[in-house]
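J.: Structure for this input, please:
(one chain, ligands or ions: 1)
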Amino acid sequence: MAFLKKPLSYLEEFHISREMGFILDDPLEELPGHYQAWVTLAKQLPFLVQNGQFREEVKKLPELSIDQLQGYKEKCLAHLALGVITMGYVWQDQEKIMQVLPRQIAVPFCAISEQLGLPPIMVYADCVLANWKKKDPLGPMTYDNMDTLFAFPGGDCSKGFFLVSLLVEKAAASAIRFIPDIFEAIKSENSDSLEQSLHSVASSIEEAIEVFKLVHDHVNPSDFYNILRIYLSGWKNNHMLPNGLVYEGVSETPKKFSGGSAAQSSIVQCFDALLGIQHRTAGDEASAKFLQEMRDYMPSSHKDFLETISLSSPSVREFIISSQDTRLREAYNKCITVLGNLRSYHLQVVTKYIIIPSKKQNDSNEEESSARGTGGTNLMIFLKSVRDTTMAALLREN
Ligand code: DU6
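T.: Prediction:
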């Protein structure tokens, strides 16, 4: 009987590293030959959007096939650069939103997306996991020693949001290391080892909460809400692009894709999978559906990893329930509690960066402000249901 689809001990096969988790280690900064034109243009986005020249420059790009791109990292950088260009092209002038993406971008973007198993829109794996460098390559992975490769309008807000998200991923990555140990401990019914690993997972989630707090030092609520948020928006359930986007030269039918979201982070979904938290209970179906959909916006190897964890049997939760071991239940409950705390903290951050700024807008256009309100409200409903389902997974300890 197959215990797992693929042995979890080989994290590398899932493009996951013990040190970095889901983060792309040491991303490329340049593309070979004429492909570098994409990187050069994407880097100039904040400046060219400011001057209203970005769209013109996109139309001047040559038409390139993706045949000469080689290796995973080159493809990741190409998807990131084309994703950034696409967001700038669509959202540069919000009075005149573009409904057709020119073929010079649309054709290679759809082709590279297909190769990577990603949608042709900028995703979390692009702008967070692959969008970073160390200033001093020998120095530490700290905010001060890091920078993003590509930025958006809104000053340092995109740098702050992307790098703090990245540092949360880094803090949580130390929990990923224990996942193979956890399944090994279950297989060999080693309760002591399982208990120890669960405590380590809880500690690294606690560490992630501390890092999350850096957001207040580096992201300004008004810039985030009024500027950056727009550039990360997608064209699915978005009243600004109700039909979706036409990818010229690919299909004449407009296509709908969701914008970037923390739900596209594998780290966000991986603890639910590990702890057997199922967002499927009454009132939670919409959240479950959204989380499932967002797996298609992850690198396919990370999606495979989540599925492998979810399908492994016996699950961590089942094993602990049937073990009747109080210390194991306590360690499991500790993980659930800190994960719930992380989600409560995320709710607070969303309140500060989305809910409060949305109320400060005293514009007369009621239709527009109510449409704006829905996004924030839906996000709050989603995060609350995810948090509540998390806390509902607590086990009785006696
Ligand atoms: C949640 C996710 C979303 C969309 C795009 C980045 C984090 C640290 C803070 C809100 C969040 C974090 C984190 C990682 C575990 C996001 C995000 C890019 C796009 N967060 N405030 N993170 N990230 N496109 O929502 S501080």
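
J.: In the chain, which residue sits closest to the ligand?
T.: Nearest residue of the chain to the ligand, counting by CB to the nearest ligand atom: residue 260, 1.9 Å away. From N, CA and C alone the C-beta is placed, and that goes for glycine too.

J.: where's the closest residue in space to residue 156 that isn't next to it in sequence relative to residue 227, distance?
T.: Nearest residue to residue 156 in three dimensions, chain neighbours excluded: residue 218, at 7.0 Å (CB to CB, 6 or more residues apart in numbering). According to CB to CB, to the nearest Å, residue 218 and residue 227 sit 15 Å apart.

J.: what's the answer for residue 188, then?
T.: 53 Å.

J.: the more surrounded of those two?
T.: Legend: neighbour count by other CB atoms under 10 Å for residue 188 and residue 227, higher for residue 227 (17 against 10).

J.: Can you name the residues of this protein that neighbour the ligand?
T.: 122, 124, 127-128, 161, 164-165, 168-169, 212, 215, 232, 260-262, 265, 267-268, 346, 349 (CB under 6 Å from any ligand atom).

J.: Mark which of these are part of strands, please.
T.: Per DSSP state E, strands hold no members of these.

J.: Inside helices: which ones of the residues you listed?
T.: Counting by DSSP state H, those place 124, 161, 164, 165, 168, 169, 212, 215, 267, 268, 346, 349 in helices.

J.: which residue sits closest to residue 33, ignoring its sequence neighbours?
T.: residue 68 (6.8 Å).

J.: cool, and residue 128?
T.: residue 165 (4.7 Å).

J.: Residue 52 belongs to a helix, doesn't it?
T.: No. Residue 52: not assigned to a helix; according to DSSP: H, G, I helix; E, B strand; the rest coil it is coil.

J.: Hmm, it is touching residue 94, no?
T.: No. Using CB atoms under 8 Å, residue 52 is not in contact with residue 94, being 11.9 Å away.

J.: Give the rounded mean pLDDT of the strand or helix carrying residue 196.
T.: Assigned by DSSP states H and E, residue 196 belongs to helix 191-212. The average pLDDT within helix 191-212 is 97.

J.: Give the buried residues for that helix.
T.: 191, 193-202, 204-209, 211-212 (16 or more other CB atoms under 10 Å).

J.: Against which helices or strands is that helix packed?
T.: helix 157-176, helix 178-187, helix 266-275, helix 316-323, helix 326-350 (3 or more CB pairs under 8 Å, 6 or more residues apart in numbering; DSSP states H and E).

J.: could you say what helices and strands the fourth one packs with?
T.: The one in question is helix 316-323. Counting contacts by 3+ CB pairs under 8 Å, 6+ apart, helix 316-323 packs against helix 178-187, helix 191-212, helix 266-275, helix 326-350.

J.: Please convert those helices to JSON lines, extending it with distance to residue 56.
T.: Shown next, in JSON lines, are these (distance: least, CB to CB, whole Å):
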{"stretch": "helix 178-187", "distance to residue 56": "48"}
{"stretch": "helix 191-212", "distance to residue 56": "39"}
{"stretch": "helix 266-275", "distance to residue 56": "37"}
{"stretch": "helix 326-350", "distance to residue 56": "36"}
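
J.: can you count the residues close to residue 118?
T.: 24.

J.: pLDDT at the closest residue to it other than its chain neighbours, what is it?
T.: Closest residue to residue 118 apart from its sequence neighbours, by CB to CB, 6+ apart: residue 79 at 6.2 Å. pLDDT recorded at residue 79 is 98.

J.: ok, now which ones touch residue 79?
T.: Under the criterion of CB atoms under 8 Å, 6 or more residues apart in numbering, the contact partners of residue 79 comprise 109, 112, 113, 116, 118, 126, 130.

J.: Let me see the contact set for the nearest residue to the first one once chain neighbours are set aside.
T.: Of all residues not flanking residue 109 in the chain, residue 82 sits nearest, at 4.2 Å (CB to CB, 6+ apart). Residues in contact with residue 82, defined by CB under 8 Å, 6+ apart, are 38, 42, 105, 108, 109, 112, 120.

J.: close enough to count as contact, the residue of the chain closest to the ligand and residue 124?
T.: Yes. Between residue 260 and residue 124 there is a contact under CB under 8 Å: 5.3 Å.

J.: Can you check which residues contact both of those two?
T.: In contact with both residue 260 and residue 124: no residue, using CB under 8 Å, 6+ apart.

J.: re the thing from before, Provide the angle between the direction of the helix holding residue 196 and the direction of helix 316-323.
T.: 140 degrees (axes from the mean of the first three to the mean of the last three CA atoms, to 10 degrees).

J.: tell me the pLDDT at the closest residue in space to residue 386 that isn't next to it in sequence?
T.: Leaving aside its sequence neighbours, residue 386 sits nearest to residue 287 (CB to CB, 6+ apart; 5.6 Å). pLDDT, residue 287: 89.

J.: Poorly predicted segments of the chain, please.
T.: Within the chain, the stretches with pLDDT under 70 are 1-9, 281-283, 362-375, 398.
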